[in-house]
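S.K.: Quick one: sequence and predicted model below, then my questions.
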Amino acid sequence: MSIEEFAIIDCDNLESITISNSVTNIGDGLCYRCSNLKNIYVDKNNQYYSSENGILFNKDKSKLIKYPDGKINKQCIIPDNVTDIGEYAFAACSSLTSITIPNSVTSIGGSAFNSCSSLTNITIPNSVTCIDAYTFMRCSSLTSITIPNSVTSIGEHAVSYTHLRAHETDSYLV
């Protein structure tokens, strides 16, 4: 069974979901703007997906697929085994002020942090070479972003509608 992109969207009353063992594919944007979603559970017999602390991962936990919008945590420390942050993975997580990205991460999907309205600063590790389009768009509290020299491309509108000034981000472009 496959769950299409944005299959569940704007469900403000949804607090948890369970992914059955028959799900083989999950499209990007799962549970987008579900402001009260606190936990995503995955059947232990699912061969493709897993969850830890209510966060959705692929089976071997190398890809973080969805951090629930309604978690009340102020900070998230991404596990060291994660290499890929999926598209829309943290989008609309309004309570997060801090996200720690480990050096194991090499890929950050488009819109990964879009509309994280409380996020104030973030440091991209040296392992990342590309920041996709819309990654930090509408992070209205974002005042500082550290982008290493390893980043060779930044997608369109990656930091649009933030409190960053153009001259602050220009120095990071390589």
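M.R.: Structure's in. What do you need?

S.K.: so Ile17 sits right up against Leu37, yeah?
M.R.: Yes - taking contacts as Cβ atoms under 8 Å, Ile17 lies within contact range of Leu37: 7.2 Å. Just so you know, the C-beta spots here come from the backbone N, C-alpha and C atoms, and that holds for glycine as well.

S.K.: For these two, list the residues in contact with both.
M.R.: Cys31 (Cβ atoms under 8 Å, 6 or more residues apart in numbering).

S.K.: neighbour count winner among the two?
M.R.: Set Ile17 next to Leu37 and count neighbours by other Cβ atoms under 10 Å: Leu37 wins out with 27 against 21.

S.K.: Quick one: residues contacting the more buried one.
M.R.: Counting by Cβ under 8 Å, 6+ apart, the residues that Leu37 touches are Cys11, Leu14, Glu15, Ser16, Ile17, Cys31, Pro68, Asp69, Gly70.

S.K.: Thr97: which of those is nearest?
M.R.: Closest approach between the contacts of Leu37 and Thr97, by Cβ to Cβ: Asp69, at 14.7 Å.

S.K.: Got the phi and psi for that closest one?
M.R.: Torsion angles at Asp69 (phi, psi; degrees, to the nearest 10) stand at phi -60, psi -30.

S.K.: and Thr83, what does it touch?
M.R.: Ser62, Lys63, Ser104, Val105, Thr106, Ser107.

S.K.: okay, it: pLDDT?
M.R.: In the prediction, the pLDDT value recorded for Thr83 is 97.

S.K.: how far away is it from Asp60?
M.R.: 10 Å (Cβ to Cβ, to the nearest Å).

S.K.: now Phe113: how far from Tyr134?
M.R.: 9 Å.

S.K.: err, Ala112, not the other one
M.R.: Taken as Cβ to Cβ, the span from Ala112 to Tyr134 is 9 Å.

S.K.: Quick check: chain neighbours aside, which residue is closest to Pro79?
M.R.: Lys61 (6.6 Å; Cβ to Cβ, 6 or more residues apart in numbering).

S.K.: Quick check, that neighbour in contact with Ser51.
M.R.: No - Lys61 is not in contact with Ser51 according to Cβ under 8 Å; the separation is 9.3 Å.

S.K.: higher neighbour count, these two?
M.R.: Using other Cβ under 10 Å as the criterion, Lys61 and Ser51 rank with Ser51 on top: 22 against 16.

S.K.: Please list all residues in contact with the more buried one.
M.R.: Ile19, Asn39, Ile40, Tyr41, Val42, Phe57.
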